[in-house]
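Participant: Dropping the sequence and predicted coords here.
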Amino acid sequence: MKNKNDSFILGFTGVLIFFYLISCAGVTDSKGGGGEDKPQTVSDKFEPKTFLYDSTKKYIYLTFDDGPQHGTVTCFELCKEEKIKSSFFMVGLHTMQKSDGRKIVSMIREGYPQTLLANHSFTHANGKYVYFYQHPQMAGQDFFRAQDTLHVPYKIIRLPGNRSWVREGEVKATNLVRSVAELLDSAGYNVIGWDVEWHFNHKNARPVQTPEKLAAEVDSAFARNDTHSPNHLVILSHDRMFQRPGDADSLLKFIRILKQNPQYVFETVDHYPGLKKLR
Ligand SMILES: [Zn+2]
């Protein structure tokens with residue numbers, strides 16, 4: 001049986017061990033990690049894990065292109081509040097042009113696994129798609145530059161203004177972009193297209209379809225099996241469409257309509273089937 005003295009010694013030893021561990025953690029932190037006590041780093045977070053699909057579900061990949069721009073933070077916060085996963089294909093140049101650009105890109109990257117940062121080129125072809133795709137080496141460098149400067153975690157790209165797909169054993173591309181798609185394929189990249197697009201008015205960036213209409217398009221594409229991969233559907237939208245509160249409400253409404261279907265699961269595009277090694 002323990003006496004009071006033993007309890008005091010045990011307690012005191014416990015306190016000493018506690019302070020010793022705290023001080024070790026402090027040392028590790030100040031060195032920025034290293035050794036066995038290394039805290040979780042960005043690279044650990046993005047260590048790819050096996051993803052198991054549920055055959056009773058239908059997977060929806062909500063994607064936002066061209067950020068960071070007005071609307072990106074709204075999309076991010078809205079998806080977070082609704083607890084749904086989404087992917088952001090971001091542009092290097094837009095990051096440099098916006099005073100809070102880098103911060104927004106970090107927020108999306110660190111938001112993983114809820115949000116995924118993916119590569120949408122450095123210059124967005126400067127809006128000159130034909131010239132861009134006719135110069136595959138230059139275009140390739142543009143994507144590699146975005147990958148490095150934005151610290152994109154996975155080799156996942158969406159081509160500006162183009163719906164191509166590059167996955168394991170697949171290059172689906174129009175003649176214009178074929179050379180670029182093949183170059184990216186050789187460099188180990190995946191390219192993600194889309195199945196359903198939420199169109200926008202090119203004068204004011206406002207969404208064209210109502211949330212109800214777009215949700216019906218999603219239901220119909222699944223029902224007709226009209227998706228690039230059966231039971232998986234990629235939605236293309238753009239951050240800037242949702243910069244006005246009324247249009248952000250449309251996004252919210254759209255998400256809530258889809259969430260009513262218990263079969264639907266929102267995922268990030270790194271879990272799209274058939275992708276090559278992600279890193
Ligand atoms: Zn774009």
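Facilitator: On my side now, so go ahead.
Participant: Please list all residues in contact with Pro273.
Facilitator: Taking Cβ atoms under 8 Å, 6 or more residues apart in numbering as the contact definition, Pro273 lies against Tyr53, Ser229, His232. (Each C-beta comes from the backbone N, C-alpha and C, glycine too.)
Participant: For PyMOL, write a command that selects the buried ones of those.
Facilitator: One line in PyMOL is enough to select the buried members of those, burial here meaning 16 or more other Cβ atoms under 10 Å:
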select buried, resi 232
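Participant: The ion versus the residue nearest the centre of the chain, what's the distance?
Facilitator: For the chain, the residue sitting closest to the mean C-alpha position, by Cα atoms, centre = their mean, is Leu116 at 2.1 Å. With distances defined as Cβ to the ion, to the nearest Å, the gap from Leu116 to the ion amounts to 16 Å.
Participant: Can you name the residues bridging to that residue?
Facilitator: Note on Leu116: beta-bridge partners by DSSP bridges are Ser87.
Participant: pLDDT score assigned to it?
Facilitator: Note for Leu116: predicted pLDDT of 98.
Participant: isn't it right next to Val269, touching?
Facilitator: Yes. The pair Leu116 and Val269 qualifies as a contact (Cβ atoms under 8 Å) at a distance of 6.2 Å.
Participant: what do those two both touch?
Facilitator: Joint contacts of Leu116 and Val269 (Cβ under 8 Å, 6+ apart) are Ser87, Ile156.
Participant: quick revisit: any chance of the contacts of Pro273 in JSON lines, plus distance to Ala205 and pLDDT?
Facilitator: Putting these into JSON lines (distance: Cβ to Cβ, whole Å; pLDDT from 0 to 100) gives the following:
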{"residue": "Tyr53", "distance to Ala205": "35", "pLDDT": "97"}
{"residue": "Ser229", "distance to Ala205": "29", "pLDDT": "98"}
{"residue": "His232", "distance to Ala205": "28", "pLDDT": "98"}
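Participant: In strands, which of the contacts of Pro273 appear?
Facilitator: Counting by DSSP state E, the part of the contacts of Pro273 found in strands is His232.
Participant: Could you export the contacts of Pro273 as CSV, including distance to the ion?
Facilitator: Output for these, formatted as CSV (distance: Cβ to the ion, whole Å):
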residue, distance to the ion
Tyr53, 28
Ser229, 22
His232, 21
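Participant: just checking, next helix/strand downstream of the helix or strand Val234 falls within?
Facilitator: Val234 belongs to strand 232-238 when assigned by DSSP states H and E. Using DSSP H and E, the helix or strand that directly follows strand 232-238 along the chain is helix 245-259.
Participant: could you dump that following helix to CSV, C-alpha only?
Facilitator: Taking only C-alpha atoms (Å, rounded to 0.1, in the frame of the first residue of the first chain), the coordinates of helix 245-259 have been written out as CSV:
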residue,chain,number,x,y,z
PRO,A,245,-23.8,37.8,-52.0
GLY,A,246,-26.8,36.9,-54.1
ASP,A,247,-24.7,34.6,-56.3
ALA,A,248,-23.0,33.0,-53.3
ASP,A,249,-26.5,32.2,-52.2
SER,A,250,-27.0,30.3,-55.5
LEU,A,251,-23.9,28.3,-54.8
LEU,A,252,-25.2,27.5,-51.3
LYS,A,253,-28.6,26.5,-52.7
PHE,A,254,-27.0,24.3,-55.3
ILE,A,255,-24.9,22.5,-52.7
ARG,A,256,-27.9,22.0,-50.4
ILE,A,257,-30.1,20.6,-53.2
LEU,A,258,-27.4,18.0,-54.0
LYS,A,259,-26.8,17.2,-50.3
